[in-house]
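> Give the three-dimensional model of this entry:
(one chain, ligands or ions: 1)
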Amino acid sequence: MTRKAAIIGGGVIGGGWAARFLLNGWDVAVFDPDPEARRKIDEVLANARRALPALYDKALPPEGNLSYHSDLHAAVAGALWVQESVPERLDLKHRVHDAITRAADAEAVIGSSTSGFRPSQLTAEGARVIVAHPFNPVYLLPLVELVGEAGHCARAAEMLHEIGMSPLTLRKEIDAHIADRLLEAVWRESLWLVKDGIATTEEIDEAIRMGFGLRWAQMGLFETYRIAGGEAGMKHFLAQFGPALQWPWTKLMDVPEFTPELVDLIAGQSEAQSGHLSIRDLERLRDDNLVGMMRALRKSGSGAGGTITAHEAALPDAASADLPVTVDRVIPQSWTDYNGHMNEAHYVEVSCQATDRFMEMIGADAAYVAAGGSYFTVENHVRYLAEMRAGGRVTVTTQVLAGAGKKMHLFHRLLMADGTLAATVETLLLHVDMATRRSAPPSTEVAGALGRFAEAHAGLPKPKGVGLAVGHRG
Ligand SMILES: NC(=O)c1ccc[n+]([C@@H]2O[C@H](COP(=O)([O-])OP(=O)(O)OC[C@H]3O[C@@H](n4cnc5c(N)ncnc54)[C@H](O)[C@@H]3O)[C@@H](O)[C@H]2O)c1
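As a prediction, this is how the structure comes out:
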């Protein structure tokens, strides 16, 4: 049964939550008195539909149903998760949580996106709420800080995993949780650097994005510093740099006064830095970069990359009546080229994913490869038949042309959502002994599984395009 999330407050953050739930197959009910809320959420959704599916090599479940309500009770009724994302004012949060607690089902998780308030402040007037603090854009960044009653946090964590997020449950409540405490320290120092005329907003951004910003996404702070200590490790690093904290490198807890001059200085520099781009342009640039970085992290399983692969493994595989479906995914923006369609190399990449999936189906999976057997591709013939574009869905069916001895001869059909055949990839693979790197017969189990597919496909018509050389369109 489709599950329901209620989104109370649909601004930047509420819109991101709505997209995250919706694209993971949940029904989403929104309550926000702003007449512009629907338009704003549509814009966030457009960004999310473009970016989130591109993280995965499998299709996400079909989208849930999105509804808007003029009454908080109607939005909240029957929801398994209620997420409050109204402006950061305690009196407003109290009023809204009073209404949510009365309207919500007893077993519903009630989360607040608050950046700064502690759960005990939110529950002071009897509300049942935990902090579930996300990061913008909520549809792409996995982290959610959970703070509050342990049982509710545990249930929340389970559901967050199911929508591809990475919950971090705090041991104790503190103002601004963990991440915003860290960010505030960097923000405070940056404001001083601008105010004291040491650096412009652009120079500070360069200092982050050309250096430690790249390190933080993949290893964080402590693991990075452990390496910085060289072979002697963390103790050596602490001995070397610990005393520096006593030096006046930082302004510590002093905060610069937000005078109109400082506000004008920062706003003016920011305008000079990025005023030529609209916020929409900047959002898309940010999302494309995040997708690219997170996809790179998938390879090593570091940081957010591990969260994506774990979520992907839990997504269902597509099925079909006759031929196995070996790929069902969305084409990421980064796969398109200057012609505006998927670059030819990625047609091959899709077919490699199809082969990998088919190998899993016959038992030649990661464990089999680790134990010393695999198939290596020795030949590919691609026919490019139609243009595929970013955001489009592609499925691949795989037909076994031959599968005996060391040989595995496959025919992949790349199909678009409307059924158009976009490409065929005929591929010949040889089974290899990974120790000698030479061809060798597969295990009896793999040979048997491949043989069963070969037998089942033997009666199918020979696909058009098989065995053709370059230039013969068939
Ligand atoms: N912006 C961020 O980067 C960020 C990140 C993490 C958490 N947060 C937290 O998320 C919350 C929302 O922040 P935002 O940036 O999305 O703000 P926002 O101003 O973009 O959105 C707030 C929305 O709440 C709606 N609203 C106002 N009163 C309401 C009510 N009584 N009932 C329902 N909706 C109401 C507004 O119409 C608006 O659409 C805050 O608690 C903030 O601290 C923000």
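> What residues does whichever residue of the chain sits closest to the ligand make contact with?
Among all residues of the chain, Gly11 sits closest to the ligand, at 1.9 Å; criterion: CB to the nearest ligand atom. (Glycine included, C-beta is placed from N, CA and C.) The neighbourhood of Gly11, defined by CB atoms under 8 Å, 6 or more residues apart in numbering, consists of Asp32, Asp34, Ala37, Lys40, Ser85, Pro87.
> quick one, phi/psi of the nearest residue to the fifth one once chain neighbours are set aside?
Closest residue to Ser85 apart from its sequence neighbours, by CB to CB, 6 or more residues apart in numbering: Gly14 at 3.6 Å. With angles defined as degrees, to the nearest 10, Gly14 sits at phi -60, psi -40.
> Gly14 against Ile7, yeah?
Yes. Because the distance of 4.9 Å satisfies CB atoms under 8 Å, Gly14 is recorded as touching Ile7.
> Mutual contacts of the two, please.
Val30, Asp32, Gln83, Ser85.
> Parallel or antiparallel, which strands does the host helix or strand of the first one pair with?
Using DSSP states H and E, Val30 sits in strand 27-31. Strand partners for strand 27-31, identified by DSSP bridges, are recorded as strand 4-8 (parallel), strand 66-69 (parallel).
> ok, and what's touching it?
Residues external to strand 27-31 that are found in contact with it (CB under 8 Å, 6+ apart): 2-10, 14, 18, 21-22, 37-38, 41, 64-72, 74-76, 79.
> Any quick PyMOL command for the buried ones out of the residues you listed?
Applying 16 or more other CB atoms under 10 Å to those, the buried members can be selected in PyMOL as follows:
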select buried, resi 3+4+5+6+7+8+9+10+14+18+21+22+37+41+64+66+69+72+75+76+79
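> buried set for stretch 283-296?
Glu283, Arg284, Asp287, Asp288, Leu290, Val291, Met294, Arg295.
> quick one: the fifth one is in a helix?
Yes. Checked against DSSP: H, G, I helix; E, B strand; the rest coil, Leu290 lies within a helix.
> Are we agreed that Val425 is in a strand?
Yes. Assessed with three-state DSSP, Val425 lies in a strand.
> From what I see, it and His381 are in contact.
Yes. Val425 is within contact range of His381, at 7.2 Å (criterion: CB under 8 Å).
> separation between the residue nearest to Ser85 and Gln83?
The spacing between Gly14 and Gln83, counted by CB to CB, to the nearest Å, is 7 Å.
> what sits against Ala435?
Gly372.
> a helix runs through it, doesn't it?
No. With three-state DSSP as the criterion, Ala435 is located in coil rather than a helix.
> re earlier: so what sits against both of Gly14 and Gln83?
Contact criterion CB under 8 Å, 6+ apart; residues shared by Gly14 and Gln83: Ile7, Ile8, Ser113.
> Reformat the residues you listed as a markdown table; add distance to the ligand.
Formatted as a markdown table, the entries for these read as follows, by distance: CB to the nearest ligand atom, whole Å:
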| residue | distance to the ligand |
| --- | --- |
| Ile7 | 9 |
| Ile8 | 5 |
| Ser113 | 4 |
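> starting at the chain centroid, how far to stretch 82-91?
Going by CA atoms, centre = their mean, to the nearest Å, the spacing between the C-alpha centre of stretch 82-91 and its chain's C-alpha centre is 25 Å.
> The chain should start at 58 in everything you say after this.
Happy to do that; since the first residue is 58 now, the last one works out to stretch 139-148.
> Does the ligand have contacts with it?
Yes. Contact of stretch 139-148 with the ligand is found when judged by CB under 6 Å from any ligand atom, involving Ser142, Val143, Pro144, Glu145.
> Only whichever of those are buried, select them in PyMOL.
To isolate the buried ones among the residues of stretch 139-148 next to the ligand in PyMOL, judged by 16+ other CB under 10 Å, type:
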select buried, resi 142+143
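> The residues of stretch 139-148 next to the ligand in strands, which ones?
The strands, defined by DSSP state E, take in nothing from the residues of stretch 139-148 next to the ligand.
> Reformat the residues of stretch 139-148 next to the ligand as JSON lines; add pLDDT and distance to Gly270.
Supplementary listing: those in JSON lines, determined by pLDDT from 0 to 100; distance: CB to CB, whole Å:
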{"residue": "Ser142", "pLDDT": "98", "distance to Gly270": "26"}
{"residue": "Val143", "pLDDT": "98", "distance to Gly270": "31"}
{"residue": "Pro144", "pLDDT": "97", "distance to Gly270": "29"}
{"residue": "Glu145", "pLDDT": "97", "distance to Gly270": "26"}
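> what does the protein put close to the ligand?
So far as CB under 6 Å from any ligand atom goes, the chain lies against the ligand at 65-71, 88-91, 94, 142-145, 153, 170-172, 190-191, 193.
> Which of those fall in helices?
Of those, the ones assigned to helices by DSSP state H are Val69, Ile70, Gly71, Ala94, Val153.
> with those residues in mind, which one is nearest to Arg228?
When those are compared for distance to Arg228 (CB to CB), Ile70 wins out at 24.3 Å.
> Pro194 is in contact with that closest one, correct?
No. Counting by CB under 8 Å, Ile70 does not reach Pro194; the two are 9.3 Å apart.
> May I have the phi/psi pair for Thr455?
In terms of degrees, to the nearest 10, the main-chain angles of Thr455 are phi -120, psi 120.
> Now Thr366. Its backbone dihedrals?
Geometry field for Thr366 lists phi and psi as phi -70, psi -40, criterion degrees, to the nearest 10.
> Could you find the closest non-adjacent residue to it?
Using CB to CB, 6+ apart and skipping residues adjacent in sequence, the residue nearest Thr366 is Arg355, 5.6 Å away.
> Can you verify the one you found is assigned to a strand?
No. Membership of Arg355 in a strand is not supported by three-state DSSP, which gives helix.
> I figured it hits Ile365, correct?
Yes. Assessed by CB under 8 Å, Arg355 is found in contact with Ile365 at 5.6 Å.
> Looking at these two, which has the bigger crowd around it?
When neighbours are counted by other CB atoms under 10 Å, Ile365 comes out ahead of the other of Arg355 and Ile365, with 21 against 18.
> Confirm that one sits in a helix?
Yes. Ile365: assigned to a helix according to three-state DSSP.
> Quick check, pLDDT for it.
Ile365 carries a pLDDT value of 97.
> How many residues are close by Gly208?
Neighbours around Gly208, by other CB under 10 Å: 9.
> The helix or strand encompassing it vs strand 61-65, what angle?
Here Gly208 sits within helix 207-219, counting by DSSP H and E. Note on geometry: by axes from the mean of the first three to the mean of the last three CA atoms, to 10 degrees, helix 207-219 and strand 61-65 are set 110 degrees apart in direction.
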